[in-house]
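[1] here is my input, please return the structure:
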Amino acid sequence: MAVRRGVVLILVIIVLACLVSLAGVLALYLLIGREPTVAQRSTLVLRVSGDLPEGGPDEGLGQFLPGTRQPTLRGILENLRKAKVDPRISGALVLPNGIDTGYWAKLQEIHDAIIDFKRANKFAVAFLEYGGDREYYVATACDRIFLLPSSPLNLTGLAMYELFLRGTLEKIGAYPDLMHIGDYKTAPNLYTEKGFTAAHQEMDESLNLDMYEQLVRGVADGRKKGQNEVRTLLDQGPFLPEDALSAGLVDYAAYEDEIEDKVKADGHTFGPKIEADEYLRVSPGSVGLNRGPRIALLYITGLINSGRSGIDPLNGPVAGSDTIVDSIHRIRDDGSIRAVVVRIDSPGGASTASDVIWRELVLARDRKRDRPLVASMSDLAASGGYYVAMAAPTIVAEPGTLTGSIGIYGGKIVTSGTFAKLGANIASVSHGRNAEMNSAIRPYTPEERAKLEEQLRAFYIDFVDRVGQARQMKAERVDEIAQGRVWTGRQAREIKLVDRLGGLDQAIALAKEHAKIPRDQEVEIVTYPPRRSLYELLAAQFSGNDEAARIGTWLGIRDRRALGIVASPLSLFRRGEPLALMPFALLR
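    Presented below is the predicted three-dimensional model:
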């Protein structure tokens, strides 16, 4: 009898615990679902930091917990778009701090969005706690720039760094048996070289110079200076606060608590502050946005691979072909969708997965010819990322987007020597002449190498032919600008790999135009893949399915990115699988 009572008591406790948990989740949902009160003449506090993830389909639990979410590009742009038309918002305080992205396109998109926000006769001021080059570039879009009196303005120019591991592999007894198609397909150089090849250095110098000139133009336009003057100033950096002030690079050397009085002295109304995290809960519909004809926004974010999308602990988002194809089918079957915008932030990945996504986009485009398809490139849309983009008749990129890399590589890293150094021996038994072709025990035989080259060259030829058809160029011309070479968006526009320069708003505007939707008519943006619900996110957390993603947070962003690029061909993709993946560089 006592045992039975004990069991009943335990069951009652479990049921009560479940009810309390459900009540807590319901209360949390009701709390976060309520829009905040925005006072008249409020100032939006916009924090720009971290590596600025795209923030499309799924931002994790942070999207439901104010104050915990990392700033995302989508969140920043959406807040600026809402605040522009919201009569309760009089201006914005932009706080660029700790920006850790290695690229520039997203920063250009934020820069342009701040300028667009100001067109509504609203002010924008920036406060730099630390004046790094990326933080300063964002700040130049604002009316006034405040610099902490104890912080230097670290404006010195741009440099690119490449990592070469051939010497490391030799020390551990490993051998990179890799092949590539395209003189500039330098992704395998990470493993096969000890320094720059001539083609690799030429490409990096071209990219770095073009990005440097874009930075010069941005600073010159923002600070109303000549470009030659800005180049001279860059050679004189970094600057002490007083020197930055005298050079006209900043307007005030002041603390954050001094901003309000100085802004009011300039004739602006600096009202109550509302944090960006809180303002995100203001629905676009409440200020007259995101209503009308429907446009699908399909995100392809991260390394492209087969299977379902997810998070890799080192590489971050992975765009799984199964997940993307499911979304394309849903878009194709939805008769209310008037146009489709594909948003790409990817260095590429598996060639087969890229081909699958491209094919489904082409089918969706051709079966619904009255439904325009536009591609929008973020920081990266290269190699496999460009492959999927060329399904769209119109491609939009930022000047700083890295794109192209029309090429392919494949192979393996032979690790038997590494095991031998540890006293280990690997023995094998196989049947079939090429059964061990992709084995890491030994290098390729001449016959196996010929097979691999045949596969790679066939994909490259198809890639070039499809680019030629999509961009209406002869295959010979495509081959000239392909060869695995990476281009900036500005360069890609000149060689006709890209149609327009601009961000996501520009792509949506073009989609509206092609769909014959009036320019001044609002549209409803429907995001794919759909975000997971609060229930699904909590279930994933409690089940441990998101544990792998949390492992990656133990490392810093730059360390995680570097380790991910080193490890990805070994851990994410099938051994021997041809890769349409751009080379890795650190741009600082």
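[2] quick one: the residue lying closest to residue 504 once chain neighbours are set aside from residue 201, how far?
    Among residues not flanking residue 504 along the chain, residue 376 sits closest, at 5.0 Å (Cβ to Cβ, 6 or more residues apart in numbering). Glycine gets a C-beta too; all of them are placed from N, C-alpha and C. Separation of residue 376 from residue 201 (Cβ to Cβ, to the nearest Å): 31 Å.
[3] on that earlier part again, direction included, what does whichever helix or strand the residue nearest to residue 504 is part of pair against?
    Assigned by DSSP states H and E, residue 376 belongs to strand 373-382. Strand pairing for strand 373-382, using DSSP bridges, gives strand 337-346 (parallel), strand 394-397 (parallel), strand 402-404 (parallel).
[4] want to throw those into CSV with distance to residue 367, mean pLDDT and mean neighbour count?
    Output for those, formatted as CSV (distance: least, Cβ to Cβ, whole Å; pLDDT from 0 to 100; neighbours: other Cβ atoms under 10 Å):
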stretch, distance to residue 367, mean pLDDT, mean neighbour count
strand 337-346, 12, 97, 26
strand 394-397, 18, 98, 27
strand 402-404, 27, 97, 30
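[5] same list, those strands, but as a markdown table with distance to residue 468 please.
    Shown next, in a markdown table, are the strands paired with strand 373-382 (distance: least, Cβ to Cβ, whole Å):
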| stretch | distance to residue 468 |
| --- | --- |
| strand 337-346 | 20 |
| strand 394-397 | 15 |
| strand 402-404 | 14 |
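[6] and of these, who's closest to residue 371?
    strand 337-346 (6.1 Å; Cβ to Cβ).
[7] next helix or strand past the closest one?
    strand 348-350.
[8] what are the contacting residues of that next one?
    303-306, 319, 321, 354, 382-387, 405, 572-574, 577-582 (Cβ atoms under 8 Å, 6 or more residues apart in numbering).
[9] need the buried ones from those residues selected in PyMOL.
    Provided next is the PyMOL selection string for whichever of those are buried by 16 or more other Cβ atoms under 10 Å:
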select buried, resi 303+304+305+306+319+321+354+382+383+384+385+386+387+405+572+573+577+578+579+580+581+582
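[10] next step: the contacts of strand 348-350 restricted to strands.
    Among the contacts of strand 348-350, DSSP state E puts 303, 304, 305, 319, 382, 579, 580, 581 in strands.
[11] I figured the fourth one hits residue 302, correct?
    Put plainly, it is residue 319. Yes - using Cβ atoms under 8 Å, residue 319 is in contact with residue 302, at 5.0 Å.
[12] common neighbours of the two, please.
    In contact with both residue 319 and residue 302: 309, 346, using Cβ under 8 Å, 6+ apart.
[13] check contacts around residue 355.
    Counting by Cβ under 8 Å, 6+ apart, residue 355 has contacts residue 387.
[14] for the strand holding residue 376, what is the distance to the chain centroid?
    With Cα atoms, centre = their mean, to the nearest Å as the basis, strand 373-382 stands 10 Å off its chain's centre.
[15] domain ranges for this structure?
    Using automatic domain parsing, the domain parsing of the chain gives 42-156+237-284, 291-421+439-587.
[16] residue 152 against residue 250, yeah?
    No - if you go by Cβ under 8 Å, residue 152 and residue 250 don't touch, sitting 11.2 Å apart.
[17] who's more crowded, these two?
    residue 250 (25 against 17; other Cβ atoms under 10 Å).
[18] pLDDT score for the more buried one?
    Note for residue 250: predicted pLDDT of 97.
[19] over to residue 25?
    45.
[20] ok, residue 153 touching residue 133?
    No - taking contacts as Cβ under 8 Å, residue 153 lies outside contact range of residue 133: 9.3 Å.
[21] returning to what we had before: which one of the ones in strands among the contacts of strand 348-350 is nearest to residue 173?
    Closest to residue 173, out of all of those and judged by Cβ to Cβ, is residue 579, at 23.8 Å.
[22] give me the beta-bridge partners of that closest one?
    residue 350, residue 409.
[23] my guess is it contacts residue 412. True?
    No - using Cβ under 8 Å, residue 579 is not in contact with residue 412; the gap is 11.4 Å.
[24] that older thread, more neighbours: residue 376 and residue 201, which one.
    Shown here are residue 376 and residue 201; by other Cβ under 10 Å, residue 376 has more neighbours (32 against 13).
[25] for that one, give me the pLDDT.
    Value listed for residue 376 in the pLDDT field: 98.
[26] doesn't residue 385 make contact with it?
    No - using Cβ under 8 Å, residue 376 is not in contact with residue 385, being 11.8 Å away.
[27] find the residues that touch each one of these two.
    residue 344.
[28] look up how far residue 448 lies from residue 432.
    To residue 448, residue 432 is 12 Å away according to Cβ to Cβ.
[29] who has more neighbours, those two?
    Counted by other Cβ under 10 Å, residue 432 and residue 448 do not tie: residue 448 has more neighbours, with 19 against 7.
[30] how about the more buried one, nearest residue that isn't a chain neighbour?
    Using Cβ to Cβ, 6+ apart, the nearest residue to residue 448 is residue 437, at 4.7 Å.
[31] quick one, phi/psi of the one you found?
    Backbone torsions for residue 437, taken as degrees, to the nearest 10, come to phi -60, psi -40.
[32] thought it was touching residue 449?
    No - under the criterion of Cβ under 8 Å, residue 437 makes no contact with residue 449, lying 9.5 Å away.
[33] when the two are compared, which one has more neighbours?
    residue 437 (19 against 15).
[34] can you name the residues that contact the more buried one?
    Residues near residue 437 by Cβ under 8 Å, 6+ apart: 444, 448, 451, 452, 576.
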